[in-house]
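Enquirer: Sequence and predicted structure, then a few things I'm wondering about:
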Amino acid sequence: MKLLRVISIILICWMGSYTFGQKVKVDALNREYEKFRVSDHFDFIHDDFDTAKLIWVADLTVSFDTIIPGMIGETFNVLKERSNKMGANAFKVRASNIYDAGSTKYISISAFWLHMEDRDSNEVLFRSPEVYVFGFLGYHEEIDGYDIEVNKDQYVMHALTYRKRSFAAGDHVNIQLGSKTRGAEVQFKAKEDMVPKFYYFSMIRGAYKNAIIKEYDKHFGMYLTRILQLE
């Protein structure tokens, strides 16, 4: 039965799957791995985390030929879903290229099993007063990017890019999108042990211009920092 299960997994993996114009392929598989349980989380593994506490499950690649709104988010979703089904609950990005024209765009990850008792050890490594801001996750047809302001510093957040700002504990952080009358604003005080914040922006045009600032989940935000260009 074990041999049949392994063969079934291999066949499914090499056949690949298509969703949202993407193909997911398993590049390598740990055939000795016995799935612990079904997981619904997918933790980004910090660079400083002790890899001896991880069990490698598989290497996967998602490939696609165009970037449309929602595509980048879907790459994360399909990699998470496939990894969870194989018994993995954590990951690292191995390599990526989302900027070349044609069908050469890809994102490759390594998927792992992270024991539940070790999740906190990984989480605490991320604690720092840092802020990441992201441009539009697709090519915008109308604008070059979003005009934002971080503590009086003005930026144009171009599509498929991000910026990183580090602060000291106690610093006041102010992020603004659009004008003061019709824009959006986020304010908070940085703390030494805070979870980094990952902000993205959008604007809705109509009778009134509405600006929106929202946060990405930390694990998705870290995923983006490995595949987008740093400005």
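Expert: Cool, the structure landed.
Enquirer: contacts and neighbour counts: CA atoms only from here.
Expert: OK.
Enquirer: Check the secondary structure at His41 for me.
Expert: coil (DSSP: H, G, I helix; E, B strand; the rest coil).
Enquirer: in a helix, that's where Cys200 is, yeah?
Expert: Not Cys; residue 200 is Tyr. No - Tyr200: not assigned to a helix; according to three-state DSSP it is strand.
Enquirer: Tell me how many other residues crowd it.
Expert: 20 (other C-alpha atoms under 10 Å).
Enquirer: Distance of the nearest residue to it once chain neighbours are set aside relative to Val186?
Expert: Among residues not flanking Tyr200 along the chain, Phe134 sits closest, at 5.1 Å (C-alpha to C-alpha, 6 or more residues apart in numbering). Relative to Val186, Phe134 is positioned 15 Å away (C-alpha to C-alpha, to the nearest Å).
Enquirer: try Ser110
Expert: 35 Å.
Enquirer: and Lys80, how many neighbours?
Expert: The number of residues packed near Lys80 is 22, by other C-alpha under 10 Å.
Enquirer: Correct me if wrong, but it is in a strand.
Expert: No - using three-state DSSP, the secondary structure at Lys80 is helix, not a strand.
Enquirer: how about it, what does it touch?
Expert: Taking C-alpha atoms under 8 Å, 6 or more residues apart in numbering, we find Lys80 in contact with 41-42, 89.
Enquirer: Which residue ranges of the chain form helices?
Expert: For the chain, the helices defined by DSSP state H cover 2-15, 71-85, 119-124, 218-227.
Enquirer: Relative to the whole chain's centre, how far out is stretch 175-192?
Expert: Here the centre of mass of C-alpha atoms in stretch 175-192, compared against the chain's by C-alpha atoms, centre = their mean, to the nearest Å, lies 23 Å away.
Enquirer: Name all residues that make contact with Ala159.
Expert: 135-140, 144-145.
Enquirer: how about 7 Å then?
Expert: 135-140, 145 (C-alpha atoms under 7 Å, 6 or more residues apart in numbering).
Enquirer: Quick check: which ranges of this protein have low pLDDT?
Expert: 1-20, 206-209 (pLDDT under 70).
Enquirer: 90 instead?
Expert: Within the chain, the stretches with pLDDT under 90 are 1-23, 35-40, 65-69, 100-104, 116, 138-145, 178-183, 203-210.
Enquirer: Give the full set of residues in contact with Phe188.
Expert: For Phe188, the contact set (C-alpha under 7 Å, 6+ apart) comprises 172-174.
Enquirer: Now render those residues as CSV, adding distance to Gln154 and neighbour count.
Expert: Formatted as CSV, the contacts of Phe188 follow (distance: C-alpha to C-alpha, whole Å; neighbours: other C-alpha atoms under 10 Å):
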residue, distance to Gln154, neighbour count
His172, 16, 13
Val173, 14, 15
Asn174, 12, 14
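Enquirer: Including distance to Lys191, could these go into JSON lines?
Expert: Output for the contacts of Phe188, formatted as JSON lines (distance: C-alpha to C-alpha, whole Å):
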{"residue": "His172", "distance to Lys191": "10"}
{"residue": "Val173", "distance to Lys191": "11"}
{"residue": "Asn174", "distance to Lys191": "14"}
